[in-house]
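K.L.:
task: produce atomic coordinates for the following.
(chains A and B)
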Amino acid sequence: MTLPLVQINNLSLRYGNFVALDDISIDFMPGTCVVICGPSGSGKSSLLRCVNRLEDFGTGDVIFDGQSLKSAHNISKIRSNIGMVFQHFELYPHLSVMNNITLAPRYVNGINRDEAEAKAHKLLERVGILDQANKYPDELSGGQQQRAAIARALALEPKLMLFDEPTSALDPEMISEVLQVMRDLARNGMTMLVVTHEMGFARDVADEVVFMDKGKVIERNASGNFFDNPQSDRAKEFIDRVLQKI
Amino acid sequence: MNYEFDWSLLLEEPNWSWVIEGIANTIQLSLVAWGCALVLGVLIGAIRMSKSRTLRFIGTTYVEIFRNIPLLVQLFLWFFVFPLLLPDDLMRAWNRLDGVPFLTALIGLSLFTAARIAEQIRSGISSIPKGQFLAAYSTGLTEVQTFRHVIIPYAFRVMIPAIASEFLTIFKNSALTLTIGVAEVTGAAKTIEAYTFRGIEAYSAASLTYMLTTASVVIFMGWLEHALRIPGLIGKR
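P.N.:
Residues are numbered from 1 along each chain as shown, chains lettered A, B, ... in the order given. Purely as a prediction, here's the structure:
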């Protein structure tokens, strides 16, 4: 029997009086691509940040690959197995694209420079920006920056990739180049949790959709079912509204 | 104005030696004090960003005390009051040291400037977007590695103008140390004026020394800023 890669147990998170996550329990199996959607403020990004403990959660626990994050002494080591991609890319502006990618492999995994660069070379080829390797982040377009950020997250060969609204800060014509890279990852069996408003990606690429509202998981469904036959009224309303836009 | 300038007297002995001694003292004092202030300032700036409430309190107290007492008063406190607070043996040992005024000036200037640099460091680091920390942590870098490889190199480039301007300030502030008997540039000008009654020449020479030195520092820092600029981000030309 396959065990879940991520197990979230009774997780709650508060900011002062605001309840960001309200007693969430949910599992994610290895090799699946799950889209997390919902209105803004519903707790999607907070949930994602709890999965690698960038957010210190209040109660509950997250079990990643059999290890409890709450009681983990070496959280950095666990984080190196979880890649994360951010809305605003967050590349290090003072390092070249190549050095952005090789920094963690060299200092976290202790790989030597040549080996790290050879690997980065392959990753840059895979995301299609090998020609930009020696440029600095601010010399790249948004789509190229996000692809470099994906390469950086992949450099540690993570078991799980987290995407926090990866296309929300991009111009429309650059969105597809990033989604394409993500689709290739999903096709190759990467376990992915994706917070996004790209409903096309959710329908065509994701295995499952998780719908959140007010810090709770309202619905979890196979992606086809979610769009054609949502179970909850709240999800129905949400789908109507986002699809109306198009 | 009916005044005959006599610039050549600056080149006569002992005036020339005083000028040279003054310049040497000013530069030595400013450089060493700036170095000490930089190390202490980085430390205190880091303490002020710490997670520990006690450490933060110590850092804030330091900054507020040293920033809010005029430098001249601080110099007098170090020179006249501090030795009296020492145990007798230590006080005698201190008074027998060579160059007590210089040492006192060094302590006073360093501690005062460290408070200002600590503030620059704090605001420099606060200006780094939170996402940079999250990105670094998400790749498994520890807190120390994140500061060492991501935050400090980035913040340093943002802070170059502020740190350079602190050097110019310490350099000019060093003139105050003549009040506790340091023979720096202004002190030398005062001595020459006292012996020759040639105040215009003496103080013009002092002013010129300050201006030439600060100008070369400004040019050097401009070059450094350009050399270390982040392509596409800051210092675009």
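K.L.:
what is the neighbour count of residue B:64?
P.N.:
11 (other Cβ atoms under 10 Å in any protein chain shown). Quick note: C-beta positions are derived from backbone N, CA and C, even for glycine.
K.L.:
sketch out the low-pLDDT regions of chain A for me.
P.N.:
A:1, A:245-246 (pLDDT under 70).
K.L.:
in the lengthiest helix in it, what counts as buried?
P.N.:
Using DSSP state H, we find that the single longest helix of chain A is helix A:172-187. Buried residues in helix A:172-187, defined by neighbour count with 16 or more other Cβ atoms under 10 Å in any protein chain shown: A:174, A:175, A:176, A:177, A:178, A:179, A:181, A:182, A:185, A:186.
K.L.:
hmm, who's touching that helix?
P.N.:
A:33, A:126-128, A:141-143, A:146-147, A:150, A:154, A:161, A:163, A:166-167, A:170, A:192, A:194, A:198, A:201, A:205-206 (Cβ atoms under 8 Å, 6 or more residues apart in numbering or on different chains).
K.L.:
picking up where we left off before, mind putting the buried residues of helix A:172-187 in CSV, distance to residue B:78 included?
P.N.:
CSV is the format used below for the buried residues of helix A:172-187 (distance: Cβ to Cβ, whole Å):
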residue, distance to residue B:78
A:174, 60
A:175, 63
A:176, 67
A:177, 63
A:178, 60
A:179, 65
A:181, 62
A:182, 63
A:185, 63
A:186, 67
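K.L.:
okay, helices next: where are they in chain B?
P.N.:
Under DSSP H, chain B gives helices at B:15-48, B:53-68, B:71-76, B:82-85, B:88-96, B:100-126, B:130-138, B:143-146, B:152-173, B:185-196, B:199-227.
K.L.:
what packs against the third one?
P.N.:
Other helices and strands packing on helix B:71-76, by 3 or more Cβ pairs under 8 Å, 6 or more residues apart in numbering or on different chains; DSSP states H and E, are helix B:100-126.
K.L.:
which residues in chain A form helices?
P.N.:
Using DSSP H, helices in chain A cover A:44-51, A:75-79, A:97-107, A:113-126, A:142-154, A:172-187, A:199-204, A:223-228, A:233-244.
K.L.:
tell me which of those helices is the most buried.
P.N.:
Sort the helices of chain A by mean neighbour count, taking mean count of other Cβ atoms under 10 Å in any protein chain shown, and helix A:142-154 sits at the top with a mean of 25.
K.L.:
which residues does it contact?
P.N.:
Identification of contacts with helix A:142-154 by Cβ under 8 Å, 6+ apart yields A:83-86, A:89-91, A:97, A:100-101, A:103-104, A:120, A:123-124, A:126-129, A:132, A:137, A:140, A:161, A:166-167, A:169-171, A:174-175, A:177-178, A:181-182, A:185, B:135, B:138-139.
K.L.:
that helix to helix A:172-187, inter-axis angle?
P.N.:
20 degrees (axes from the mean of the first three to the mean of the last three Cα atoms, to 10 degrees).
K.L.:
buried stuff in stretch A:25-37?
P.N.:
A:26, A:28, A:32, A:33, A:34, A:35, A:36, A:37.
K.L.:
oh, that last question was meant for stretch B:161-175, not what I typed.
P.N.:
B:163, B:164, B:166, B:167, B:168, B:169, B:170, B:171, B:173, B:174, B:175.
K.L.:
from chain A, how far off is the second one?
P.N.:
So the one you mean is residue B:164. Separation of residue B:164 from chain A (Cβ to the nearest Cβ, to the nearest Å) stands at 18 Å.
K.L.:
tally of neighbours for the residue lying closest to that residue once chain neighbours are set aside?
P.N.:
Residue nearest to residue B:164 in three dimensions, not counting chain neighbours: residue B:221, with 3.8 Å by Cβ to Cβ, 6 or more residues apart in numbering or on different chains. By the measure other Cβ under 10 Å, the count of residues near residue B:221 is 17.
K.L.:
surely residue B:221 meets residue B:162?
P.N.:
No. In this structure, residue B:221 is not within contact of residue B:162 by Cβ atoms under 8 Å, at 10.4 Å.
K.L.:
hmm, back to that, as CSV, the helices of chain B with distance to residue A:12 would be great.
P.N.:
Shown next, in CSV, are the helices of chain B (distance: least, Cβ to Cβ, whole Å):
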stretch, distance to residue A:12
helix B:15-48, 32
helix B:53-68, 26
helix B:71-76, 52
helix B:82-85, 55
helix B:88-96, 58
helix B:100-126, 30
helix B:130-138, 21
helix B:143-146, 25
helix B:152-173, 34
helix B:185-196, 65
helix B:199-227, 48
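K.L.:
quick one, which of the ones you listed is nearest to residue B:4?
P.N.:
For residue B:4, the closest of those is helix B:199-227, at 10.4 Å, according to Cβ to Cβ.
K.L.:
could you give the angle of that closest one to helix B:185-196?
P.N.:
Going by the same axes, to 10 degrees, helix B:199-227 makes 160 degrees with helix B:185-196.
K.L.:
can you pull the phi/psi pair for residue B:228?
P.N.:
phi -100, psi 10 (degrees, to the nearest 10).
K.L.:
around chain A, pick out the residues from chain B.
P.N.:
Residues of chain B lying near chain A by Cβ under 8 Å from any Cβ of the partner chain: B:129, B:131-132, B:134-142, B:145, B:149-150, B:153-154, B:157, B:230-233.
K.L.:
which among these end up buried?
P.N.:
B:131-132, B:134-142, B:145, B:149-150, B:154, B:157, B:230, B:233.
K.L.:
the buried residues of stretch A:25-37 in strands, which ones?
P.N.:
A:26, A:28, A:33, A:34, A:35, A:36, A:37 (DSSP state E).
K.L.:
nearest to residue A:115, of those?
P.N.:
Of those, the one sitting nearest to residue A:115 (Cβ to Cβ) turns out to be residue A:33, at 29.5 Å.
K.L.:
okay, that closest one and residue A:208: tell me how far apart.
P.N.:
The spacing between residue A:33 and residue A:208, counted by Cβ to Cβ, to the nearest Å, is 8 Å.
K.L.:
contacting residues for the closest residue to residue B:139 other than its chain neighbours?
P.N.:
Of all residues not flanking residue B:139 in the chain, residue A:104 sits nearest, at 3.7 Å (Cβ to Cβ, 6+ apart). Neighbouring residues of residue A:104 by Cβ under 8 Å, 6+ apart: A:80, A:152, A:155, A:156, B:139, B:140, B:141.
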